[in-house]
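Enquirer: sequence and predicted structure, then a few things I'm wondering about:
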Amino acid sequence: MKLLSTELYGNSPVYLQSLLLSLREYANSRKRYGMGYYRFLHQLSGMDENDRQSEERYQDQELRSLLRHAAEHSAFYRDFYGEDLADIRVASDLRQLPVIEEELFNERIDEIRTQNGRKKRAEPEISEPGQLPRLWLNNLDLQKQTAAMDHFKKQHGAINLDMKRATFYRGDFVPIGQKEGAFWRDIYYLNQRLYSAHHCTEPYLSAVVRNLNDFGPDFIDGLFESIVTIARFINDHRLLLDFQAVAVFVETGILSESERLEIESAFGCPVRRWSMATERSPFLSECAVGNLHFNMRTGVLEFTDKGEVLLTRFHTKGTPLIRLKIQEQWMPVHCACPCGSVHPVVRKPFKPISGFLQSRSRGKVTSLYLATVQGKFQQAAPSMQFVQNSLDAIEIWLSGTDFVPPQLEQDIIQEMEVIFGEDMIFTVKGRSNGLSEETGPAGLIINNLQFPRTCQSDYSTD
Ligand SMILES: [Zn+2]
């Protein structure tokens with residue numbers, strides 16, 4: 001990073017900046033695209049995501065290898081686990097190990113780091129206030145993480161390094177004060193053109209789009225905000241692009257239907273999102289059906305009864321990350337994805353505040369109305385939840401009981417018909433084990449209409 005802030009870089013002509021950038025990236029990418037990268041990429045291509053048995057076998061094997069490594073090389077884990085590690089054979093055995101709170105992880109990170117991660121790291125650590133201490137990853141960690149990402153892109157037709165890649169990136173590789181000229185730089189031998197996210201704003205947008213046309217990328221990736229801004233600009237001005245990309249990859253957990261449409265109509269190809277906000281985040285990627293899967297070849301993701309998310313990441317041999325309680329909120333979706341992958345599907349919790357359900361003939365019905373219904377039946381059913389999976393039907397779940405008296409059912413349906421109209425189907429169901437995972441953020445109503453591509457009918461089954 002240092003190179004970019006020097007005067008030498010800032011005062012050089014663009015072609016020289018690109019050359020300097022390429023040179024710097026050459027050193028970096030030797031770490032990233034070493035033999036370990038190619039080997040793992042090749043291995044991933046030979047695996048079958050639809051085969052539960054082999055995927056689980058691989059996951060268990062990687063898990064044991066990480067645990068063994070942690071116990072042998074990390075002073076922290078050696079003390080923390082004691083003899084317990086020998087009993088952990090498969091991912092579900094992880095439950096026997098204690099959860100690591102983020103605070104403890106940060107405090108003891110020096111002891112968590114393994115000798116093998118420590119040795120590789122030459123530069124002193126710069127930790128800015130408010131920033132979490134970095135994981136130290138060894139080269140093979142980095143190579144395998146990169147390969148997992150590139151395999152995901154490959155599944156959607158984009159072959160990194162071979163194909164031309166346009167990346168929207170936040171950084172000072174283009175001086176931030178620059179007002180004209182090129183708002184992009186090339187990394188020649190990676191076949192990549194970096195576009196400055198700082199310059200994905202008016203009045204630079206038309207220059208950026210013109211250059212995209214000149215460059216003609218095979219695929220586009222990088223910052224979600226920049227890509228959606230460019231897409232909106234292309235659509236608003238009805239610009240036709242001269243190139244055909246195979247896919248656009250955006251880094252975001254949530255993508256609304258309108259944003260997806262914006263990007264897809266601008267570039268004329270599918271958009272695929274992925275998520276790994278930090279090095280302590282799970283690697284999630286979208287499949288061809290539009291669901292977000294946790295890549296179980298990169299770790300184990302656990303969900304506790306309390307709604308906590310625990311992450312074990314395999315490619316962290318430099319700083320083993322095992323059962324770390326992470327801040328990011330994700331929920332499991334218990335269904336088989338139509339794409340065939342056995343990697344678990346996850347989603348963000350729903351936001352209760354903007355909550356509404358949809359009436360077939362009367363439009364939006366806010367949670368206020370449903371709170372009134374709940375109030376009416378308080379006596380007979382202390383806790384209710386309204387779940388909508390399709391425009392035609394709403395399920396009403398009563399918790400704490402398996403049995404719903406017919407009269408109560410009748411009364412509730414009648415009440416719903418008054419609010420929503422009579423052209424919908426209402427089903428009243430009971431569940432004895434409480435609201436399980438759907439409590440907390442989900443609360444009174446769950447509107448699954450926002451997630452049209454998932455196997456909705458399975459959302460509320462236990
Ligand atoms: Zn899928």
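Expert: Thanks, I have it. Numbers count the residues shown, from 1 in each chain.
Enquirer: tell me the SS of the nearest residue to Asn50 once chain neighbours are set aside?
Expert: Nearest non-adjacent residue to Asn50, counting by CB to CB, 6 or more residues apart in numbering: Gly340, 4.3 Å away. All C-beta atoms are positioned from the backbone trio N, CA, C, and that covers glycine. Under the three-state scheme (DSSP: H, G, I helix; E, B strand; the rest coil), the conformation of Gly340 reads as coil.
Enquirer: per-residue pLDDT, Gly340?
Expert: On the pLDDT scale, Gly340 is placed at 94.
Enquirer: ok, the one 5 residues further on next?
Expert: In this prediction, Val345 carries a pLDDT score of 93.
Enquirer: hey, what's it bridged with?
Expert: His293, Val333 (DSSP bridges).
Enquirer: end to end on stretch 325-335, go ahead and measure it.
Expert: End-to-end distance of stretch 325-335 (CA to CA, to the nearest Å): 24 Å.
Enquirer: buried residues, it. List them.
Expert: By neighbour count on 16 or more other CB atoms under 10 Å, the buried set for stretch 325-335 is Lys325, Ile326, Glu328, Trp330, Met331, Val333, Cys335.
Enquirer: generate a markdown table for these, with pLDDT, distance to Leu357 and secondary structure as supplementary columns.
Expert: Output for the buried residues of stretch 325-335, formatted as a markdown table (pLDDT from 0 to 100; distance: CB to CB, whole Å; DSSP: H, G, I helix; E, B strand; the rest coil):
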| residue | pLDDT | distance to Leu357 | secondary structure |
| --- | --- | --- | --- |
| Lys325 | 96 | 33 | strand |
| Ile326 | 94 | 31 | strand |
| Glu328 | 89 | 27 | coil |
| Trp330 | 90 | 24 | coil |
| Met331 | 87 | 19 | strand |
| Val333 | 85 | 19 | strand |
| Cys335 | 77 | 21 | coil |
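Enquirer: tell me which two of those residues sit farthest apart.
Expert: Lys325 and Cys335 (25.3 Å; CB to CB).
Enquirer: point out the other helices and strands that the host helix or strand of Gln61 packs with.
Expert: Using DSSP states H and E, Gln61 maps to helix 52-73. When contacts are defined as 3 or more CB pairs under 8 Å, 6 or more residues apart in numbering; DSSP states H and E, helix 52-73 sits against helix 75-81, strand 321-326.
Enquirer: could you dump the ones you listed into JSON lines and include distance to the ion?
Expert: Putting the helices and strands packed on helix 52-73 into JSON lines (distance: least, CB to the ion, whole Å) gives the following:
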{"stretch": "helix 75-81", "distance to the ion": "34"}
{"stretch": "strand 321-326", "distance to the ion": "22"}
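Enquirer: weakest of the ones you listed by average pLDDT?
Expert: helix 75-81 has the lowest average pLDDT among the helices and strands packed on helix 52-73, namely a mean of 89.
Enquirer: what does it rub up against?
Expert: Residues outside helix 75-81 that contact it (CB atoms under 8 Å, 6 or more residues apart in numbering) are Leu67, Ala70, Ala71, Glu72, Leu97, Pro98, Ile100, Arg108, Glu111, Ile112, Pro320, Ile322.
Enquirer: just give me the closest of those residues to Pro282.
Expert: Using CB to CB, those come closest to Pro282 at Ile322, 13.4 Å.
Enquirer: now the closest one: how far from Arg134?
Expert: 17 Å (CB to CB, to the nearest Å).
Enquirer: got it, and Gly268?
Expert: With distances taken as CB to CB, Gly268 is found 39 Å from Arg134.
Enquirer: so which of the helices and strands packed on helix 52-73 is the most surrounded?
Expert: Most buried of the helices and strands packed on helix 52-73 by mean neighbour count (mean count of other CB atoms under 10 Å) is strand 321-326; its value is a mean of 20.
Enquirer: contacts for that strand next, please.
Expert: With CB under 8 Å, 6+ apart, strand 321-326 has contacts from 66-67, 70, 77, 94, 97-102, 105, 135, 280-282, 302, 308-313.
Enquirer: for that strand, the distance to its chain's centre please.
Expert: Offset of strand 321-326 from its chain centre (CA atoms, centre = their mean, to the nearest Å): 16 Å.
Enquirer: repeat that for stretch 48-63.
Expert: With CA atoms, centre = their mean, you get 21 Å for stretch 48-63.
Enquirer: can you list contacts of that stretch?
Expert: Applying CB under 8 Å, 6+ apart, the contact partners of stretch 48-63 are 47, 88-91, 94, 296-297, 300, 312, 314, 340-343.
Enquirer: now, which of these lie close to the ion?
Expert: Filtering the contacts of stretch 48-63 for neighbours of the ion using CB under 5 Å from the ion leaves Ser341.
Enquirer: out of the contacts of stretch 48-63, which are inside strands?
Expert: Val300, Thr312 (DSSP state E).
Enquirer: next helix or strand past the worst-scoring helix or strand of the chain on mean pLDDT?
Expert: The weakest-scoring helix or strand in the chain, judged by mean pLDDT, DSSP states H and E, is helix 115-120 (a mean of 56). With elements assigned by DSSP H and E, the helix or strand that comes after helix 115-120 is helix 139-155.
Enquirer: which secondary structure elements does that next one contact?
Expert: Packing contacts for helix 139-155, counted by 3+ CB pairs under 8 Å, 6+ apart, involve helix 14-32, helix 35-45, strand 271-275.
Enquirer: just name the most buried of these.
Expert: By mean count of other CB under 10 Å, those have strand 271-275 as the most buried, with a mean of 23.
Enquirer: output the contacting helices and strands for the helix or strand following it.
Expert: Once strand 271-275 ends, the next helix or strand along the chain (criterion: DSSP H and E) is strand 284-286. Counting contacts by 3+ CB pairs under 8 Å, 6+ apart, strand 284-286 packs against strand 271-275, strand 292-294.
Enquirer: tell me what angle the longest one forms with helix 139-155.
Expert: Our comparison of strand 271-275 with helix 139-155, counting by axes from the mean of the first three to the mean of the last three CA atoms, to 10 degrees, yields an angle of 160 degrees.
Enquirer: what is the distance between strand 271-275 and the centre of its chain?
Expert: On CA atoms, centre = their mean, the centre of strand 271-275 falls 7 Å from that of its chain.
Enquirer: that strand near the ion anywhere?
Expert: No: counting by CB under 5 Å from the ion, the ion is not contacted by strand 271-275; separation bottoms out at 11.2 Å.
Enquirer: from the ion, how far out is the residue positioned nearest the centre of the chain?
Expert: Closest to where the C-alpha atoms of the chain average out (CA atoms, centre = their mean) is Ser275, at 2.5 Å. Separation of Ser275 from the ion (CB to the ion, to the nearest Å): 15 Å.
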